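>>> here is a sequence with its predicted model. Questions after.
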There are 4 protein chains.
Amino acid sequence: MTIKALVWGENIHEHKSEVVASIYPDGMHEAVARLLREDAGIEASTAVLQDPEHGLTEDVLARTDVLLWWGHADHAAVDDVVVERVARHVWEGMGLILLHSAHFSKIFKRLMGTPCALKWREAGERERIWVVNPRHPIAEGLPEFFELENEEMYGEPFSVPEPLETVFISWFQGGEVFRSGLTYRRGAGNIFYFRPGHETYPTYHDATVGKVLRNAVHWAHNRQGRYPGVHEAPNVPVEKALEAIEERGGKLHKSGEEGFR
Amino acid sequence: MTIKALVWGENIHEHKSEVVASIYPDGMHEAVARLLREDAGIEASTAVLQDPEHGLTEDVLARTDVLLWWGHADHAAVDDVVVERVARHVWEGMGLILLHSAHFSKIFKRLMGTPCALKWREAGERERIWVVNPRHPIAEGLPEFFELENEEMYGEPFSVPEPLETVFISWFQGGEVFRSGLTYRRGAGNIFYFRPGHETYPTYHDATVGKVLRNAVHWAHNRQGRYPGVHEAPNVPVEKALEAIEERGGKLHKSGEEGFR
Amino acid sequence: MTIKALVWGENIHEHKSEVVASIYPDGMHEAVARLLREDAGIEASTAVLQDPEHGLTEDVLARTDVLLWWGHADHAAVDDVVVERVARHVWEGMGLILLHSAHFSKIFKRLMGTPCALKWREAGERERIWVVNPRHPIAEGLPEFFELENEEMYGEPFSVPEPLETVFISWFQGGEVFRSGLTYRRGAGNIFYFRPGHETYPTYHDATVGKVLRNAVHWAHNRQGRYPGVHEAPNVPVEKALEAIEERGGKLHKSGEEGFR
Amino acid sequence: MTIKALVWGENIHEHKSEVVASIYPDGMHEAVARLLREDAGIEASTAVLQDPEHGLTEDVLARTDVLLWWGHADHAAVDDVVVERVARHVWEGMGLILLHSAHFSKIFKRLMGTPCALKWREAGERERIWVVNPRHPIAEGLPEFFELENEEMYGEPFSVPEPLETVFISWFQGGEVFRSGLTYRRGAGNIFYFRPGHETYPTYHDATVGKVLRNAVHWAHNRQGRYPGVHEAPNVPVEKALEAIEERGGKLHKSGEEGFR
């Protein structure tokens, strides 16, 4: 079964910054998609902020197994309607992988329910990413650690909820640490936050980063398909109770009536 | 140190339903506040939907250690600005206790990042609440289980994130189960969801329910005061790095510049 | 890739109790293995307490992807050496599924680090198992709930560590609840506890139970193979530090020396 | 209410190593106890390996609210009977704080159910401990990070179960990271692992380390007293079921009989 991955890119700095354009001439989204395509089991397409509905129409999302998200310069430009649509698909089972500065994307903050803030420094310093959960599916085939010689620093505290599992922790040359790989489940959707990927460095040309992203797509993929029931709050009428009961006490609702939301 | 608790009530059904009015003539919020006042260490006040800014002004929240929330009939009437204000205070360390139908309140859904849906049946059936985490602070002084002879049924699946800890699980006469006591931490804020409390039954006159609520207020109280840093994403300039580093590679930001949000 | 599952049975009551023998004439382990074999992707074999080394030699375990464990009448008869061997394989990545009364098996208590105690009643009452985590891999293809008309009751509190995820919660006719499906990870090993399976009832002839067990085998299987490094505490000599450092301060150990264990 | 803390020290290197003896002339256990005594709410006593029953008799443990454990050179010398006794008290509600090389103590491995292995290097390098969970009770009053200029390095992966919460993460000068503050709950017992404390450095003379330890004692203290029920597996006879049921199906046990363990 081929996994349908969609790489969403903000696609701004590629056109404004010569540095970024020189590293990612086809856009960062395309570089990420190429890393995914090294796995024949993943079919990767792309969408960008500038597309109608940001390329995230109901139709497109309904066909997406795992969405990868990179944004930085203009999180605010993402339409709230689209953010809610993506959240709905995640709850129903679409996987979501947040990349680097997507920690401040509307969709990540929406799903975490926290500020998702952190420290940062853009100095091209060394990052060493340690696997703290060996044999986790997202760490499959990785060495004990891997290094990115030039990366932006992100430092703790990272104001996110306690994760299901911590997979990676980064060491930075300038003295900070960061939980760089965190897993969550929201509804039927598997969510992975992966720290590296500053636009002025060639991180998405790194082979190990590619391996992590492919692993994460496999991990995030919920092969059981969508679960629309995640939103539903059905009334169970007394006469259909699984065990025979009699109605007692005061009531607000008539039998079979919809509840308040 | 006295804990300042604020009980927020929607205060609608008390005025529309004779059943509710007869059980809670002073309002449900007042009944909850009375349960809290049995503990001399808790100072409980109230606020309602109909107050200006729903009684949840910046000033009021700044003085609140733990907020308790009951709403049902008109979650939509709560102003989004107030919801964000409450969320901010929770992240900074204000405790939050969600009661019963508050599972669908804007503030709970905002902090969970999930639909928070569930099954329900209003039949006055028996609920038996089991303590699954004995000696948890919220279960202090409780028996192995306690019963509410008439309650609304809430049934799984409850679409919330995996909690930090599950404290209570309910058995319902009609055949369902429900995770009735769940703890979360969002930023510096402790959050507790407690299931019972349907407005047509005298749940907030029950002594054991009172004990749970008082325990929960103590547990949720973060005595360290507010932590405004939870929102901040400070730049750490290269020259102030904890370990000496030299700037390398391409850059987007000038030194000391604010990051994108 | 075929998953190699090994079903371990205590194999005592099948020979002492006519009731059990009549339901499981080939042994409970064989009934469980048959359920697994309905999936062509699972190769299921069996081992019993009475085999030399309980059928759990180093060789056998090294070839096992997922071990399923059922025991009740004589947990104490399992050799401690074998328990440690199984634990080691779990830490290195072998999946482990604990069935019913295996809550008191030496291996489960060893891996949980808690008493694993619970309430019980053998009355053939109705158990209704609710899926609280829909679309979890272990719940794949299941309805919202399923019933076992005759089962032993297990009641909370269940003294186990807070799980990674709660998958199932049971409702019992006599008034109790129980967390019937719990996931853990210990080292590289995925662990699942599944409650049903009392020997005097035909639980392991139930189709839905079979589906759960097959799902659980797939979920517990760590396809990355064994990770012997889980036990190792390697010294990293100063001269091999990833960042250049100089030795300072007092020392206990000579360079390259083994640490204390 | 005064909290009764007991500091257990292995008390070997203080007598064998001049370096250790010069830093901790009264023993490491005494240095830790002194840090605790700076809080008038904590009453700290000590016990050592060489005491009869290692100073951990039933009587002593029954009077202990929180036990702190430091060991390194001879974990094997601790009697298994005492280890089981301590584990029992933890399950019943005694707090336990594991210090540094106690990661390999019998009691920590017993309660975690994993190997608890890690990397290490004794080079007196700089450790910077970051608070990743600000306003957690164990981080009360701490700055964003604190430094120990000379410490032993412990590096990931640390083979322990996923914690309830991660409080601290360490950065090491030589390039490694480590989860230095982890919380667990086992039965009614709160457990905290705190990394620093190599015997050849003056870590237990550090004021911030003292603050962490005092905070941890307060956090680990379960003021509800012991919970012996954590071990019990009571039979609930049919005639005492909370809901009226009739016995059905085959049986192994006679009514009221003890279960198998």
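Looks like it came in fine.
>>> hmm, who's touching stretch A:243-250?
Under the criterion C-beta atoms under 8 Å, 6 or more residues apart in numbering or on different chains, residues A:238, B:17, B:19-20, B:23, B:123-125, B:150, B:173-175, B:200-201, C:173 lie in contact with stretch A:243-250. For glycine as for every other residue, the C-beta is placed from the backbone atoms N, C-alpha and C.
>>> give me the neighbour count for residue A:81.
Residue A:81 has 11 neighbours, counted by other C-beta atoms under 10 Å in any protein chain shown.
>>> the strand or helix carrying it near chain B anywhere?
In this assignment (DSSP states H and E), residue A:81 forms part of helix A:80-92. Yes - Helix A:80-92 comes into contact with chain B (C-beta under 8 Å from any C-beta of the partner chain), by way of A:87, A:91.
>>> does that helix reach chain C?
No - using C-beta under 8 Å from any C-beta, we find that helix A:80-92 stays clear of chain C, coming within 8.7 Å at best.
>>> circling back to that earlier point, go back to the contacts of stretch A:243-250 and keep what's next to chain D.
Contacts with chain D within these, counted by C-beta under 8 Å from any C-beta: B:173, C:173.
>>> farthest pair in the contacts of stretch A:243-250?
Distance extremes for the contacts of stretch A:243-250: the farthest pair is B:17 and C:173 at 33.9 Å, using C-beta to C-beta.
>>> looking at these two, which is more packed in?
Using other C-beta under 10 Å, the more surrounded residue of residue B:17 and residue C:173 is residue C:173, with 22 against 18.
>>> these two touch, right, the more buried one and residue C:126?
Yes - between residue C:173 and residue C:126 there is a contact under C-beta atoms under 8 Å: 4.2 Å.
>>> please enumerate the strands of chain A.
Ranges of strands in chain A, per DSSP state E, are A:3-9, A:42-48, A:66-70, A:95-99, A:119-131, A:145-155, A:165-172, A:177-186, A:189-194.
>>> looking at those, which is closest to chain B?
Set against chain B and scored by C-beta to the nearest C-beta, the strands of chain A come closest in strand A:119-131, at 3.0 Å.
>>> for residue D:214, find the nearest of the strands of chain A.
Of all these, strand A:177-186 comes closest under C-beta to C-beta, at 24.3 Å.
>>> can you give me the pLDDT of the closest residue to residue A:117 other than its chain neighbours?
In space, and not counting its chain neighbours, residue A:117 is closest to residue B:233: 4.5 Å by C-beta to C-beta, 6 or more residues apart in numbering or on different chains. Looking at residue B:233, its pLDDT is 91.
>>> need phi/psi at residue B:233.
Per-residue torsions, residue B:233: phi -130, psi 70 (degrees, to the nearest 10).
>>> C-alpha coordinates for the helix holding residue A:81, PDB please?
C-alpha atoms of helix A:80-92 as PDB (Å, rounded to 0.1, in the frame of the first residue of the first chain):
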ATOM      1  CA  ASP A  80      -8.300  29.900   9.900                       C
ATOM      2  CA  VAL A  81     -10.900  27.900   7.900                       C
ATOM      3  CA  VAL A  82      -8.100  25.800   6.400                       C
ATOM      4  CA  VAL A  83      -6.500  25.400   9.800                       C
ATOM      5  CA  GLU A  84      -9.800  24.000  11.200                       C
ATOM      6  CA  ARG A  85     -10.100  21.700   8.100                       C
ATOM      7  CA  VAL A  86      -6.600  20.300   8.600                       C
ATOM      8  CA  ALA A  87      -7.300  19.800  12.400                       C
ATOM      9  CA  ARG A  88     -10.500  17.900  11.500                       C
ATOM     10  CA  HIS A  89      -8.600  15.600   9.200                       C
ATOM     11  CA  VAL A  90      -5.900  15.000  11.800                       C
ATOM     12  CA  TRP A  91      -8.600  14.100  14.400                       C
ATOM     13  CA  GLU A  92     -10.100  11.700  11.900                       C
END
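>>> how about stretch A:99-113 and chain D, any contact?
No - applying C-beta under 8 Å from any C-beta, one finds stretch A:99-113 separated from chain D by no less than 14.5 Å.
>>> first-to-last residue distance for that stretch?
This stretch, stretch A:99-113, spans 18 Å end to end (C-alpha to C-alpha, to the nearest Å).
>>> now residue A:50, nearest residue through space, not along the chain?
residue A:11 (6.2 Å).
>>> sorry, that was for residue A:228
Closest residue to residue A:228 apart from its sequence neighbours, by C-beta to C-beta, 6+ apart: residue A:92 at 5.8 Å.
>>> ok, the most centrally placed residue in chain A to residue C:144 distance?
In chain A, the centroid-proximal residue (C-alpha atoms, centre = their mean) is residue A:97; its distance is 2.5 Å. Here residue A:97 is placed at a distance of 29 Å from residue C:144 (C-beta to C-beta, to the nearest Å).
>>> list the buried ones in stretch A:8-26?
Under the neighbour-count criterion of 16 or more other C-beta atoms under 10 Å in any protein chain shown, stretch A:8-26 has A:8-14, A:17, A:19-20, A:23-24 buried.
>>> need the max-distance pair from the residues you listed.
The largest separation in the buried residues of stretch A:8-26, counting by C-beta to C-beta, is between A:8 and A:19 at 21.7 Å.
>>> can you list the weak-confidence ranges in the stretch 51-200 of chain A?
Counting by pLDDT under 70, the stretch 51-200 of chain A has no low-confidence residues at all.
>>> quick check: residues of it near chain D?
So far as C-beta under 8 Å from any C-beta goes, the stretch 51-200 of chain A lies against chain D at A:128, A:130-134, A:144, A:155-158, A:162, A:164-166, A:169-172, A:175-177, A:179.
>>> again, only this time at 10 Å
In this structure, the stretch 51-200 of chain A approaches chain D at residues A:119, A:126, A:128-135, A:139, A:144-145, A:147, A:155-160, A:162-166, A:168-180, judged by C-beta under 10 Å from any C-beta of the partner chain.
>>> keep only these that also lie close to chain B.
A:119, A:126, A:155, A:157-160, A:162-164, A:172-176.
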